[in-house]
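Asks: This is a predicted model, with the sequence first.
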Amino acid sequence: MPLRTQVNDVPGKATKSQKQLHDLNPGVDYLDPKYFLPSGVPDQTDRLELLKACERLKIPRKKWPRFEAVLPGWPAQLPGTESAAPKTVGLAVDQLVFKLPAFDLCADNHRTWKRKAAEAWRVFREKQFGLYLKKCTKIRSLTVKAGGLVPRKTMRFCGDKREAVPLERRYELAARRYCLGESWATLQKQYHGAYRLDQIRKMVTKILAALDLIPGH
(Lines give C-alpha, C1' and ligand atoms only; values in the text may rest on other atoms or scores of the structure.)
Protein backbone atom coordinates (compact mmCIF):
# COMPACT_ATOMS: atom_id res chain seq x y z
CA MET A 1 0.00 0.00 0.00
CA PRO A 2 1.44 3.41 -0.94
CA LEU A 3 2.70 5.67 1.78
CA ARG A 4 1.22 8.76 0.19
CA THR A 5 -2.45 9.49 -0.30
CA GLN A 6 -3.87 10.83 -3.55
CA VAL A 7 -4.65 14.55 -3.59
CA ASN A 8 -6.98 15.87 -6.28
CA ASP A 9 -5.85 19.07 -7.94
CA VAL A 10 -8.43 21.85 -7.78
CA PRO A 11 -8.29 24.48 -10.53
CA GLY A 12 -7.10 27.79 -9.15
CA LYS A 13 -5.81 26.24 -5.92
CA ALA A 14 -2.24 25.45 -5.07
CA THR A 15 -1.72 21.78 -4.34
CA LYS A 16 -0.49 21.19 -0.82
CA SER A 17 2.90 19.53 -0.94
CA GLN A 18 3.04 16.10 0.65
CA LYS A 19 5.56 15.15 3.25
CA GLN A 20 7.90 12.23 2.86
CA LEU A 21 8.91 9.97 5.72
CA HIS A 22 12.04 12.01 6.38
CA ASP A 23 9.85 15.12 6.87
CA LEU A 24 7.95 13.58 9.78
CA ASN A 25 8.45 15.26 13.12
CA PRO A 26 8.49 13.14 16.29
CA GLY A 27 5.75 14.14 18.68
CA VAL A 28 3.95 16.02 15.90
CA ASP A 29 3.33 13.56 13.08
CA TYR A 30 3.72 10.45 15.21
CA LEU A 31 4.02 9.43 18.84
CA ASP A 32 7.53 9.49 20.23
CA PRO A 33 7.58 9.08 24.04
CA LYS A 34 11.15 9.95 25.00
CA TYR A 35 11.64 7.93 28.18
CA PHE A 36 9.02 5.23 28.72
CA LEU A 37 6.49 3.16 26.77
CA PRO A 38 3.38 1.37 28.07
CA SER A 39 4.00 -2.31 28.60
CA GLY A 40 3.30 -4.28 25.44
CA VAL A 41 3.70 -1.31 23.08
CA PRO A 42 6.66 -1.88 20.70
CA ASP A 43 9.25 0.85 20.26
CA GLN A 44 9.13 1.45 16.53
CA THR A 45 11.55 4.35 16.18
CA ASP A 46 14.27 2.12 14.73
CA ARG A 47 11.83 0.71 12.17
CA LEU A 48 10.90 4.19 11.05
CA GLU A 49 14.56 5.21 10.75
CA LEU A 50 15.23 2.23 8.48
CA LEU A 51 12.25 3.10 6.27
CA LYS A 52 13.45 6.71 6.07
CA ALA A 53 16.81 5.40 4.87
CA CYS A 54 15.07 3.30 2.19
CA GLU A 55 13.25 6.41 1.05
CA ARG A 56 16.43 8.53 0.90
CA LEU A 57 18.21 5.86 -1.11
CA LYS A 58 15.22 5.57 -3.48
CA ILE A 59 15.06 1.81 -2.93
CA PRO A 60 11.98 0.34 -4.68
CA ARG A 61 9.09 -0.06 -2.23
CA LYS A 62 8.75 -3.77 -2.97
CA LYS A 63 12.20 -4.29 -1.43
CA TRP A 64 11.44 -2.40 1.78
CA PRO A 65 11.11 -4.50 4.96
CA ARG A 66 7.49 -5.13 5.88
CA PHE A 67 6.69 -3.79 9.32
CA GLU A 68 3.28 -3.67 10.94
CA ALA A 69 1.95 -0.36 12.27
CA VAL A 70 5.18 1.62 12.21
CA LEU A 71 3.14 4.73 12.95
CA PRO A 72 -0.19 5.12 14.75
CA GLY A 73 -2.91 4.44 12.21
CA TRP A 74 -0.44 3.20 9.59
CA PRO A 75 -0.88 3.98 6.75
CA ALA A 76 -4.11 5.96 7.21
CA GLN A 77 -2.48 8.73 9.26
CA LEU A 78 0.65 9.19 7.21
CA PRO A 79 1.31 12.66 5.74
CA GLY A 80 -1.23 13.90 3.22
CA THR A 81 -4.25 12.70 5.17
CA GLU A 82 -6.60 14.77 7.30
CA SER A 83 -6.25 12.61 10.43
CA ALA A 84 -3.60 13.86 12.84
CA ALA A 85 -1.55 11.43 14.84
CA PRO A 86 -2.42 11.31 18.54
CA LYS A 87 -0.10 13.42 20.69
CA THR A 88 -0.03 11.19 23.77
CA VAL A 89 -0.25 7.54 24.68
CA GLY A 90 -2.95 8.49 27.18
CA LEU A 91 -1.01 7.99 30.41
CA ALA A 92 -0.69 11.19 32.41
CA VAL A 93 -0.98 12.59 35.92
CA ASP A 94 -3.92 14.94 36.49
CA GLN A 95 -3.22 18.50 35.41
CA LEU A 96 -2.04 21.13 37.84
CA VAL A 97 -4.50 24.01 37.46
CA PHE A 98 -3.63 27.64 38.06
CA LYS A 99 -6.40 30.23 38.37
CA LEU A 100 -5.81 33.86 37.53
CA PRO A 101 -6.97 36.40 40.11
CA ALA A 102 -10.31 38.09 39.50
CA PHE A 103 -10.32 41.56 37.97
CA ASP A 104 -11.91 44.00 40.41
CA LEU A 105 -14.06 46.31 38.31
CA CYS A 106 -13.94 49.00 40.96
CA ALA A 107 -10.32 48.82 42.12
CA ASP A 108 -8.22 47.35 39.28
CA ASN A 109 -6.73 48.70 36.10
CA HIS A 110 -4.60 46.77 33.60
CA ARG A 111 -1.37 47.50 35.43
CA THR A 112 -2.57 46.51 38.91
CA TRP A 113 -4.25 43.34 37.66
CA LYS A 114 -1.12 42.24 35.79
CA ARG A 115 0.89 42.83 38.95
CA LYS A 116 -1.53 40.70 40.99
CA ALA A 117 -1.51 37.97 38.34
CA ALA A 118 2.31 37.86 38.26
CA GLU A 119 2.48 37.62 42.05
CA ALA A 120 -0.20 34.90 42.15
CA TRP A 121 1.74 32.89 39.55
CA ARG A 122 4.98 33.27 41.54
CA VAL A 123 3.37 31.99 44.72
CA PHE A 124 1.61 29.15 42.90
CA ARG A 125 4.81 28.07 41.18
CA GLU A 126 6.84 28.07 44.40
CA LYS A 127 4.25 26.18 46.40
CA GLN A 128 2.85 23.73 43.87
CA PHE A 129 5.54 22.76 41.32
CA GLY A 130 7.73 20.82 43.72
CA LEU A 131 4.84 18.87 45.25
CA TYR A 132 3.37 18.09 41.85
CA LEU A 133 6.65 16.83 40.40
CA LYS A 134 7.25 14.64 43.46
CA LYS A 135 3.79 13.16 42.95
CA CYS A 136 4.51 12.52 39.26
CA THR A 137 7.85 10.88 40.03
CA LYS A 138 6.27 8.62 42.65
CA ILE A 139 3.41 7.55 40.35
CA ARG A 140 5.77 6.80 37.48
CA SER A 141 8.13 4.85 39.74
CA LEU A 142 5.26 2.73 41.09
CA THR A 143 3.93 2.16 37.55
CA VAL A 144 7.36 1.00 36.37
CA LYS A 145 7.70 -1.37 39.35
CA ALA A 146 4.24 -2.77 38.61
CA GLY A 147 5.26 -3.41 34.99
CA GLY A 148 2.93 -0.84 33.48
CA LEU A 149 5.73 1.22 31.96
CA VAL A 150 8.95 0.07 30.30
CA PRO A 151 12.03 2.32 29.84
CA ARG A 152 12.87 2.98 26.20
CA LYS A 153 16.10 1.40 25.09
CA THR A 154 18.51 3.53 23.11
CA MET A 155 20.71 1.72 20.63
CA ARG A 156 24.31 2.50 21.52
CA PHE A 157 27.29 2.29 19.20
CA CYS A 158 30.72 2.06 20.76
CA GLY A 159 33.93 3.41 19.28
CA ASP A 160 36.08 6.48 18.95
CA LYS A 161 33.97 9.66 18.70
CA ARG A 162 36.15 10.81 15.83
CA GLU A 163 35.00 7.78 13.87
CA ALA A 164 31.34 8.04 14.87
CA VAL A 165 28.92 7.32 12.03
CA PRO A 166 25.93 9.69 11.74
CA LEU A 167 22.55 8.13 12.59
CA GLU A 168 21.18 8.51 9.07
CA ARG A 169 24.28 6.88 7.57
CA ARG A 170 24.00 3.88 9.92
CA TYR A 171 20.50 3.13 8.74
CA GLU A 172 21.40 3.71 5.10
CA LEU A 173 24.12 1.08 5.43
CA ALA A 174 21.62 -1.29 7.07
CA ALA A 175 19.05 -0.61 4.33
CA ARG A 176 21.59 -1.36 1.59
CA ARG A 177 22.59 -4.59 3.30
CA TYR A 178 19.04 -5.82 3.92
CA CYS A 179 17.12 -4.51 0.90
CA LEU A 180 19.79 -4.65 -1.79
CA GLY A 181 21.91 -7.49 -0.41
CA GLU A 182 25.14 -5.54 -0.84
CA SER A 183 28.34 -7.17 0.42
CA TRP A 184 30.35 -5.67 3.25
CA ALA A 185 33.07 -4.61 0.82
CA THR A 186 30.49 -2.91 -1.42
CA LEU A 187 29.03 -1.05 1.53
CA GLN A 188 32.46 0.28 2.42
CA LYS A 189 33.08 1.41 -1.18
CA GLN A 190 29.73 3.23 -1.31
CA TYR A 191 31.13 5.78 1.11
CA HIS A 192 34.66 5.85 -0.31
CA GLY A 193 36.17 3.85 2.52
CA ALA A 194 35.22 6.46 5.13
CA TYR A 195 34.42 3.70 7.62
CA ARG A 196 36.28 0.54 8.57
CA LEU A 197 34.94 -2.76 7.35
CA ASP A 198 34.66 -4.25 10.84
CA GLN A 199 32.95 -1.06 12.03
CA ILE A 200 30.32 -1.33 9.29
CA ARG A 201 29.74 -5.05 9.87
CA LYS A 202 29.28 -4.67 13.62
CA MET A 203 27.01 -1.63 13.31
CA VAL A 204 24.75 -2.99 10.56
CA THR A 205 24.48 -6.41 12.18
CA LYS A 206 23.39 -4.77 15.44
CA ILE A 207 20.68 -2.69 13.74
CA LEU A 208 19.24 -5.58 11.74
CA ALA A 209 19.34 -7.95 14.72
CA ALA A 210 17.42 -5.42 16.84
CA LEU A 211 14.74 -5.30 14.13
CA ASP A 212 14.64 -9.09 13.68
CA LEU A 213 15.70 -8.74 10.06
CA ILE A 214 17.87 -11.24 8.24
CA PRO A 215 19.33 -10.19 4.84
CA GLY A 216 17.88 -12.27 2.04
CA HIS A 217 14.65 -13.06 3.91
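Replies: Thanks, I have it.
Asks: Can you tell me the SS state at Ala53?
Replies: Recorded secondary structure, Ala53: helix (DSSP: H, G, I helix; E, B strand; the rest coil).
Asks: What's the separation between it and Leu187?
Replies: Between Ala53 and Leu187 the computed distance is 13 Å (CB to CB, to the nearest Å). Where C-beta positions appear, they are placed from N, C-alpha and C, glycine not excepted.
Asks: Show me the domain layout of the chain.
Replies: The record's domain parsing of the chain by automatic domain parsing lists 91-147, 161-210.
Asks: so which of these comes closest to Arg66?
Replies: The closest of those to Arg66 is domain 161-210. By CB to CB, the value is 11.3 Å.
Asks: Just say which of the domains of the chain is most tucked in.
Replies: domain 161-210 (a mean of 16; mean count of other CB atoms under 10 Å).
Asks: Give me the mean pLDDT for that one.
Replies: The average pLDDT for domain 161-210 rounds to 87.
Asks: what's the answer for stretch 115-128, then?
Replies: The average pLDDT within stretch 115-128 is 97.
Asks: so what secondary structure elements neighbour the helix ranked longest in the chain?
Replies: When the chain is parsed with DSSP state H, its longest helix is helix 110-145. In this structure, helix 110-145 packs against strand 149-151, with contacts taken as 3 or more CB pairs under 8 Å, 6 or more residues apart in numbering; DSSP states H and E.
Asks: which stretches of the chain form helices?
Replies: Assigned by DSSP H, the helices in the chain fall at 45-56, 110-145, 167-179, 184-190, 197-210.
Asks: List the residues that contact the residue nearest to Gln188 when sequence neighbours are not counted.
Replies: Excluding the flanking residues, the one nearest Gln188 by CB to CB, 6 or more residues apart in numbering is Leu197, at 5.3 Å. Contacts for Leu197 were tallied using CB atoms under 8 Å, 6 or more residues apart in numbering; they are 184-185, 188.
Asks: just to revisit the earlier point, any idea which of the helices of the chain gets closest to Pro151?
Replies: When the helices of the chain are compared by CB to CB, helix 110-145 sits nearest Pro151, at 7.4 Å.
Asks: For the residue lying farthest from the centre of the chain, what are phi and psi?
Replies: Ranked by distance from the centre of the chain (CA atoms, centre = their mean), the top residue is Cys106, with 51.4 Å. For Cys106, the backbone dihedrals are phi -90, psi -30 (criterion: degrees, to the nearest 10).
Asks: Against Thr112, how distant is it?
Replies: Taking CB to CB as the measure, Cys106 falls 12 Å from Thr112.
Asks: Also Ala194?
Replies: Distance, Ala194 to Thr112, by CB to CB: 65 Å.
Asks: Could you do Glu55 as well?
Replies: Noted for Glu55: a distance of 57 Å to Thr112, by CB to CB.
Asks: what do you get for Cys54?
Replies: Cys54 sits 61 Å away from Thr112, going by CB to CB.
Asks: what do you get for Leu105?
Replies: The value you get for Leu105 to Thr112, if CB to CB is used, is 12 Å.
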